[in-house]
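# Turn this into a structure:
(chains A and B)
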Amino acid sequence: MASGGYICFMRRFLIGWYAEQCVEQVKYVLDNWGLRKIVPHFLKSVGGLSALRLFTKWEDYYLYVLVDSMLQCMECEKPPTSFARAALDLARRRRVLDGCRLKAVQRPKKPYPQILESYFNLVEDVLISRACDLAAKPLEDVIPDEEAAALYQLFVSSEWYSAGRVAVHVGVGTPRRGRVLLIGAGTQEPLDFIKACQVLNVRCDFAALEVDERIYRDLEKLAAKHGFTAYLGWDSIRETFSVAVATNVLNWATDPSDAIAKARRLARELLVTQGVVEGMGTVFLLTIALRAQRSVSWREVEGLAEQAGWRLEKRYAKYPVYIAVFR
Amino acid sequence: MSLAIKFRCPACGADASAATTPELLRQAAEKGAARVAARCPRGHAVLLTVDQYGHIRSAIQVQEAARPDCEITDKAPLAARQRLQAILEKGTAADADALLLEKAKAAGWVICI
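Alright, predicted model coming up:
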């Protein structure tokens, strides 16, 4: 009798669990349906939507390992550095940490997509191997500015990151939409945009904006070589654009709402591509270690855009990368 | 004073040894592990990760810079080594590679004479 009850309970439990998994999977596919439309080849190369879910699992696993290592060297109640605070906040947002109780995350059985190997190597080198230092010392002492600049260049120019950005511009057809402003372009986005123009076989007509003077110095050289306009700071812009593009800039910007509002005054359309906290974790800490400011959720991104007067025209994906066009 | 640690070359399986120093072991004690470069008798370059007791945690074969005037230093993270190696061998045809090499030099990852 007792065993019959147990079997009945287990059956119900398993059916419930499978039903939950199915609902979750369907929701994931529906939320990111647009990715199949705009970046089909890139998606295929990484292994499809299931590979993106796997990526999120690996992100959570590394976040767990990092926070676990950091907690060996600090008190959860009193994180001594801004990086430690950011790591704990993010772990709570990703539900890896509940208050100060760490929830064990199993190492995923399936390996991450091959194209992401360099990224996870970087996570191990920059974050995991320096967990204690990052927990206890100021960021500048652990990763000096020169090293942060080199790591930034390594990160943004990595194959997977670059391929993803080109794929989005090709899929959305950004170069065909008229004169484009690349907000917080850094040194890699203009190069990827040029590649997208070549793939679409259209003339590249764009300007690149950078607010960090050190990065601008490199951007200026690229602009002279490739024949695009480079701007240092919003106030230097004296023209308007068909499209403003914000690719992973909201986590770097000191004031993201200000950046989105300024883009509203200068462009008719806004393309946002932003990694978001619903599908990523460790990547935000990697960028924070390289001097980014925060993590963002897709709802926050939409909220910021709507607050600035942008109207959502088309949302392609919600997470791990939020992609949408606003008017 | 240095202490010899024995390892097996991951490329050819030959027995080899590398020298550790008290400074290296102290570094390993502080950070959990430290890295030391070594060479096997057949000439393969190997990067060893050692703990504070001088035990080898891992031995990975690394490629050496083909450009004789440039060298990838121990400061370079493992994640950057392969790409820097390729840049040093093939040159900086792409803008992104040229920028990376420039930043890598500033960070002390690559030293050129």
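
# Got phi/psi on residue 107?
In the absence of a named chain, chain A is used. The phi/psi pair for residue A:107 (degrees, to the nearest 10) reads phi -70, psi 120.

# can you check residue A:201 too?
The phi/psi pair for residue A:201 (degrees, to the nearest 10) reads phi 60, psi 50.

# who's in contact with it?
Applying C-beta atoms under 8 Å, 6 or more residues apart in numbering or on different chains to residue A:201 gives no contacts. All C-beta atoms are positioned from the backbone trio N, CA, C, and that covers glycine.

# Residue A:250 now?
A:256, A:259, A:260, A:272, A:274, A:296, A:301, A:304.

# Three-state assignment for it, please.
Taken by DSSP: H, G, I helix; E, B strand; the rest coil, the conformation at residue A:250 corresponds to coil.

# Could you check the pLDDT of the closest residue to residue A:197 other than its chain neighbours?
In space, and not counting its chain neighbours, residue A:197 is closest to residue A:204: 3.8 Å by C-beta to C-beta, 6 or more residues apart in numbering or on different chains. Note for residue A:204: predicted pLDDT of 95.

# Residue A:176 is in contact with residue A:204, correct?
No. In this structure, residue A:204 is not within contact of residue A:176 by C-beta atoms under 8 Å, at 10.8 Å.

# Give me the contact list for stretch A:177-184.
With C-beta under 8 Å, 6+ apart as the contact definition, stretch A:177-184 has outside contacts at A:174, A:189-190, A:193, A:205-211, A:237, A:239, A:241-247, A:249, A:252-253, A:259, A:263, A:266-267, A:269.

# and the residues you listed, which of them are in strands?
A:206-210, A:241-247, A:267, A:269 (DSSP state E).

# name the helices or strands packed onto the helix or strand harbouring residue B:84?
Using DSSP states H and E, residue B:84 sits within helix B:78-90. Under the contact definition 3 or more C-beta pairs under 8 Å, 6 or more residues apart in numbering or on different chains; DSSP states H and E, helix B:78-90 sits against helix A:117-126, helix A:145-156, strand B:70-72, helix B:95-106.

# Heading C-terminal from the single longest helix found in chain A, find the next helix or strand.
As assigned by DSSP state H, the longest helix anywhere in chain A is helix A:2-31. Tracing the chain past helix A:2-31, the next element assigned as helix or strand by DSSP H and E is helix A:33-38.

# Give the residue spans of the chain that score low on pLDDT.
Using chain A here. Residues of chain A meeting the criterion pLDDT under 70: A:1-3.

# that answer is for a different chain, and I need it for chain B
For chain B, the stretches with pLDDT under 70 are B:1-2, B:63-68, B:92-93.

# What parts of it come near chain A?
Residues of chain B lying near chain A by C-beta under 8 Å from any C-beta of the partner chain: B:31-33, B:75, B:77-80, B:82-83, B:94-97, B:99-100, B:103-104, B:106-109.

# Tell me which residues are up against the helix holding residue B:84.
Under the contact criterion C-beta under 8 Å, 6+ apart, helix B:78-90 has outside partners A:118, A:121-122, A:124-126, A:150-151, A:154, B:47, B:60, B:62-67, B:70, B:72, B:76, B:97, B:100-101, B:104, B:109-110.

# which among these end up buried?
Listed as buried from the contacts of helix B:78-90 are A:118, A:121-122, A:124-126, A:150-151, A:154, B:47, B:62, B:65, B:67, B:70, B:72, B:76, B:97, B:100-101, B:104, B:109-110; burial here means 16 or more other C-beta atoms under 10 Å in any protein chain shown.

# The residue most central in space within chain A: what's its closest spatial neighbour, skipping adjacent residues?
Most central in chain A under C-alpha atoms, centre = their mean is residue A:275, positioned 2.4 Å from the mean C-alpha point. Spatial nearest neighbour of residue A:275, chain neighbours left out: residue A:321 (5.4 Å); criterion: C-beta to C-beta, 6+ apart.

# Could I get the phi/psi values of the one you found?
phi -120, psi 120.

# Pretty sure it sits against residue A:272.
No. The criterion here is C-beta under 8 Å, and residue A:321 misses it with residue A:272 at 10.1 Å.

# Neighbour count: the two, which is higher?
residue A:272 (27 against 22; other C-beta atoms under 10 Å in any protein chain shown).

# Partner strands of the strand or helix carrying the more buried one, with direction?
If you go by DSSP H and E, residue A:272 is part of strand A:267-275. According to DSSP bridges, strand A:267-275 forms sheet pairs with strand A:241-247 (parallel), strand A:321-326 (antiparallel).

# For the longest helix of chain A, what is the distance to the chain centroid?
Taking C-alpha atoms, centre = their mean, to the nearest Å, one finds helix A:2-31 lying 32 Å from the centre of the chain it belongs to.

# which of the residues in it are buried?
Within helix A:2-31, the residues that count as buried by 16+ other C-beta under 10 Å are A:28, A:31.

# elements contacting it?
Secondary-structure packing of helix A:2-31 (3+ C-beta pairs under 8 Å, 6+ apart): helix A:48-71.

# The helix it packs on vs strand A:321-326, what angle?
120 degrees (axes from the mean of the first three to the mean of the last three C-alpha atoms, to 10 degrees).

# mind listing what's buried in whichever helix or strand comes after helix A:48-71?
Once helix A:48-71 ends, the next helix or strand along the chain (criterion: DSSP H and E) is helix A:82-93. By neighbour count on 16+ other C-beta under 10 Å, the buried set for helix A:82-93 is A:83, A:84, A:86, A:87, A:88, A:89, A:90, A:91, A:93.
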